[in-house]
Each structure stands twice: as structure tokens, then as C-alpha cells.
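Colleague: Build me a model from this:
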Amino acid sequence: MKPEDVAKLTARLPVESVRWMVKTSGLVERKGETKLWVRIVPYLRGEIIRDRLDEVFGIGGWSSELHELMAGDTFLGFKCRITAHVDGVLLAREDVAQASREEPLKGAATGAFKRAARTLGIARYLDTCPDFFADVSLNADTRLPYRGVHKDKRSGAETHYTWNIPAKALRWLEGDEGERVAARVAARVAARVAAAPPPPPPPLEEPPVEPLPEIDYTLATVPMPGKPGAWGNSAGRPIGRVNDIHLAEAMAFYEAHVEEEGHNGNYSRGAVSTIRAELKRRGDIERLKKAKEGK
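Modeller: As a prediction, this is how the structure comes out:
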């Protein structure tokens with residue numbers, strides 16, 4: 001459908017086209033006085049909906065059909081299907097309505113037609129109508145145009161009253177009330193947004209960090225702190241994992257002292273054995289010997 005056709009289909013109806021009916025009523029005691037409350041809801045007549053369909057789709061541009069809903073021999077209601085021709089395409093919507101107590105056939109047929117029209121968007125805004133309570137008088141007030149009867153469910157006593165549509169309900173139909181509420185909500189939201197603290201600034205981009213060079217840590221022995229020339233701990237074990245620089249120092253120490261002088265009183269047997277085993281494992285002893293021989 002074209003946007004202008006959708007706007008026509010869903011536009012608010014004139015206030016005089018909408019009727020009101022009593023939905024519920026009740027009696028309440030307040031300060032020793034009995035008061036009656038009456039809740040009313042809006043509704044549309046079938047001819048108003050047909051006029052809107054003729055206006056949008058044309059007199060021959062739409063049709064409706066009813067299908068009975070049965071449970072065996074019991075009539076449950078009607079299903080109404082509205083079909084419209086839109087730009088060469090059939091647009092179909094349908095809905096159902098139960099049979100009413102007073103007029104089972106007419107009530108179900110009209111209700112199903114109205115519900116199907118709602119699915120097309122006609123007067124769908126009436127579904128969002130808030131609760132409105134009528135202006136009520138228990139006296140025979142001729143200034144109020146509508147009359148009603150409240151029947152007590154327990155005692156069966158009837159209370160006759162007259163009522164009228166409240167002014168705020170008519171304002172809601174015209175859209176003024178809804179626009180005012182929307183404006184108040186928008187103003188409150190804008191005030192909260194203005195009072196909210198500003199969002200934090202975006203995080204600064206950190207400069208890229210170059211990765212540290214990889215170091216090959218190898219098990220070796222190093223001189224113990226405070227004891228020059230003493231290797232390993234008291235048991236002669238290596239004291240930790242050190243890098244190649246420390247291992248080169250250990251190799252130089254071995255070349256200068258251990259390999260040439262052999263074991264003497266300055267170094268424990270365990271330390272000398274540990275150094276020799278570690279360097280032999282790495283092949284450093286053979287490399288040192290070849291370096292001395294100039295190979």
C-alpha cells in the first residue's frame with residue numbers, strides 16, 4: 001500500500017463517529033453516602049468502518065465474508081474475512097467474535113467484522129484507550145443524555161441513573177490529550193538527558209608496545225651472593241634458571257679454574273661436578289676445547 005493510503009486507513013475518526021457504552025458499574029459507600037461509578041469504553045458502528053473502507057479502497061475495491069464457527073450443533077460465533085484490492089494484489093485480514101447473549105447472530109457478525117477491520121488498522125488507536133469514568137447522576141437529571149441501570153449481583157436491586165461522556169474522554173479522542181501526554185513525557189526525558197553527566201571520553205589509543213626479545217633460560221649454576229667462587233648451595237645443587245649470559249660466565253669460570261686446575265680446596269666437589277655435568281650436557285666442554293686448539 002502507498003503511504004498516503006495507510007495514513008487514511010489508520011487516521012483518527014471524527015469524534016462524533018465514536019460512540020460510548022457502559023462496560024462496568026458499581027456502588028461504593030463513602031462517608032455514609034452511596035455513590036455509583038460507571039466505566040465507559042468507546043466503540044464504532046459498522047457503517048463507520050464501511051465508510052472508511054470505501055474511502056480508501058473504493059466501493060468495489062473490497063469485500064467481506066462470514067463463516068460460522070460451530071462445535072457440533074452449537075453455534076459459537078463468526079469468523080469475518082475482509083479482502084481488499086491493493087495495486088493488483090489481494091490484501092486479506094480476518095478475525096473472530098463469539099456469539100453474544102442478547103443478539104447471538106448480529107452481535108457475533110458485527111463483532112467479527114469490527115475485529116477484522118482493526119487488523120487492517122482502522123480505529124486501532126481505540127485499543128489503547130485508558131479507563132474513563134462517566135459523569136453520573138442518580139437523580140432524573142435531564143441534562144445527561146444517556147440512561148443506564150445498575151443491577152446488584154447479590155440482591156438483584158436495580159439502580160437507575162443518567163450519565164454523560166466526560167470532557168477528558170472527548171479530548172483523548174481528538175488526540176489533544178495524547179499529544180499533551182507525549183509532550184510531557186518528552187520534556188521529562190529531555191530534562192533527564194540534560195541533567196545526566198556527560199559520557200566519558202573515548203579511551204586514548206596506546207602506542208604499540210614492541211615485544212620483548214625471547215630469552216632462552218637454561219639450568220646452570222652461578223656464583224652465590226657474598227661467597228665469591230662458591231657455586232651452588234650447600235648441597236651442590238644449581239640455584240635457579242639463568243640466561244645464556246650467566247651460563248657464559250660459568251663457562252669462563254670453568255675454563256679459567258676448574259678445567260685447568262682441577263679440584264682444589266677452594267671449590268666443593270659437588271659444585272665442580274655440577275658445572276662439569278651441565279657444560280658437558282650442552283656440549284660446551286667440547287666447544288671450548290676446539291676453540292683452544294684453534295679448530
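
Colleague: and stretch 150-160, how far apart are its ends?
Modeller: By C-alpha to C-alpha, to the nearest Å, the extent of stretch 150-160 from end to end equals 6 Å.

Colleague: residues in contact with Val96?
Modeller: Taking C-beta atoms under 8 Å, 6 or more residues apart in numbering as the criterion, Val96 is in contact with 69, 77-80, 112, 115. For every residue, glycine as well, the C-beta is placed using N, CA and C.

Colleague: count of neighbours near Leu126?
Modeller: By other C-beta atoms under 10 Å, 17 other residues sit near Leu126.

Colleague: hang on, the earlier thing: in strands, which of the contacts of Val96 appear?
Modeller: When those are checked against strands (DSSP state E), the matches are 69, 77-80.

Colleague: quick one, phi psi at the closest residue to Tyr125 other than its chain neighbours?
Modeller: Spatial nearest neighbour of Tyr125, chain neighbours left out: Arg12 (6.4 Å); criterion: C-beta to C-beta, 6 or more residues apart in numbering. Backbone torsions of Arg12, given as degrees, to the nearest 10, read phi -60, psi 140.

Colleague: in the helix or strand Val149 falls within, what's buried?
Modeller: Element membership of Val149, judged by DSSP states H and E, is strand 146-151. Across strand 146-151, burial judged by 16 or more other C-beta atoms under 10 Å covers 146, 148, 150.

Colleague: With stretch 69-79 instead?
Modeller: 69, 76-79.

Colleague: farthest-separated two in those residues?
Modeller: Across the buried residues of stretch 69-79, the longest distance by C-beta to C-beta is 9.8 Å; it joins Leu76 and Lys79.

Colleague: For these two, list the residues in contact with both.
Modeller: Jointly contacting Leu76 and Lys79 under the rule C-beta under 8 Å, 6+ apart are Leu69.

Colleague: Glu16: what secondary structure?
Modeller: Recorded secondary structure, Glu16: helix (DSSP: H, G, I helix; E, B strand; the rest coil).

Colleague: Revised request: answer the last question for Ala117.
Modeller: Here Ala117 takes the helix state, with states given by three-state DSSP.

Colleague: ok, now how distant is it from Val56?
Modeller: Distance of Ala117 to Val56, given as C-beta to C-beta, to the nearest Å: 11 Å.

Colleague: can you check Lys23 too?
Modeller: From Lys23 across to Val56, the span is 30 Å (C-beta to C-beta).

Colleague: Please tell me how far Ala167 sits from Lys23.
Modeller: Counting by C-beta to C-beta, the gap from Ala167 to Lys23 is 19 Å.

Colleague: same check, this time on Trp172
Modeller: Distance of Trp172 to Lys23, given as C-beta to C-beta: 16 Å.

Colleague: Of the two, which one has the most company?
Modeller: Neighbours were counted for Trp172 and for Lys23 using other C-beta under 10 Å; Trp172 has more, 21 against 12.

Colleague: Surely that one is within a strand?
Modeller: No: read with three-state DSSP, Trp172 is helix and lies in no strand.

Colleague: which stretches of the stretch 51-200 of the chain have low pLDDT?
Modeller: Scanning the stretch 51-200 of the chain with the threshold set as pLDDT under 70 gives 140-141, 176-190, 192-194, 196-197, 199.

Colleague: where along it do the helices fall?
Modeller: 104-119, 167-174, 176-195 (DSSP state H, counting those that start in this stretch).

Colleague: Find the nearest non-adjacent residue to Val86, please.
Modeller: That would be Met1: by C-beta to C-beta, 6+ apart, it lies 5.2 Å from Val86.

Colleague: thinking again about what came up before, need the contact list for the residue nearest to Tyr125.
Modeller: Contact analysis of Arg12 by C-beta under 8 Å, 6+ apart lists 125, 173-175.

Colleague: Likewise for Tyr161?
Modeller: Counting by C-beta under 8 Å, 6+ apart, Tyr161 touches 36, 38, 136-138, 147-150.

Colleague: Tell me how far it lies from Asp5.
Modeller: Counting by C-beta to C-beta, the gap from Tyr161 to Asp5 is 44 Å.

Colleague: doesn't Gly121 make contact with Leu9?
Modeller: Yes: between Leu9 and Gly121 there is a contact under C-beta atoms under 8 Å: 5.0 Å.

Colleague: Outline the domain layout of this structure.
Modeller: Using automatic domain parsing, the domain parsing of the chain gives 3-175, 218-292.

Colleague: The closest residue to Gly61 other than its chain neighbours: how many residues sit nearby?
Modeller: Residue nearest to Gly61 in three dimensions, not counting chain neighbours: His85, with 5.0 Å by C-beta to C-beta, 6+ apart. When neighbours are counted by other C-beta under 10 Å, His85 registers 14.
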